[in-house]
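Visitor: coordinates only, no sequence provided:
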């Protein structure tokens, strides 16, 4: 059995489907960016608190 017989290529997306896929990817990337920024801010806050304690 050949690989193209097992895995069928996806048909091309309609413009509406492409737009939805683009928006979903944008939303996912934005969520990840927010999580990273929150994590960075929490780490900065912890480092500042540690600096205050050690002084």
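Guide: Perfect, I can see it now. This one's a predicted model, so the numbers in the text were calculated from it and none came from an experiment.
Visitor: look up the pLDDT of residue 3 for me, please.
Guide: According to the predicted model, the pLDDT of residue 3 comes to 69.
Visitor: going forward can the numbers begin at 48, since that is how I track them
Guide: Right, with 48 as the first residue, what we last looked at is residue 50.
Visitor: this protein: helices as residue ranges?
Guide: All helices of the chain, identified by DSSP state H, fall at 50-53, 62-101.
Visitor: point out the most buried one among those helices.
Guide: Ranked by mean neighbour count under mean count of other Cβ atoms under 10 Å, the helices of the chain are led by helix 62-101, which reaches a mean of 10. The C-beta positions use only the backbone N, C-alpha and C, and glycine is treated the same way.
Visitor: next one: stretch 86-97 to chain centre, how far?
Guide: 22 Å (Cα atoms, centre = their mean, to the nearest Å).
Visitor: before we move on, back to that, any idea which of the helices of the chain scores lowest on pLDDT?
Guide: Minimum mean pLDDT among the helices of the chain: helix 50-53, a mean of 72.
Visitor: roughly how far apart are residue 59 and residue 81?
Guide: 32 Å (Cβ to Cβ, to the nearest Å).
Visitor: one more: residue 74?
Guide: For residue 74 relative to residue 81 (Cβ to Cβ), the value is 11 Å.
Visitor: likewise for residue 52?
Guide: In terms of Cβ to Cβ, residue 52 sits 43 Å off from residue 81.
Visitor: same check on residue 53?
Guide: Relative to residue 81, residue 53 is positioned 39 Å away (Cβ to Cβ).
Visitor: do the same with residue 101
Guide: Taking Cβ to Cβ, one finds residue 101 at 31 Å from residue 81.
Visitor: for residue 93, same thing?
Guide: Distance of residue 93 to residue 81, given as Cβ to Cβ: 19 Å.
Visitor: got it, and residue 94?
Guide: Taken as Cβ to Cβ, the span from residue 94 to residue 81 is 20 Å.
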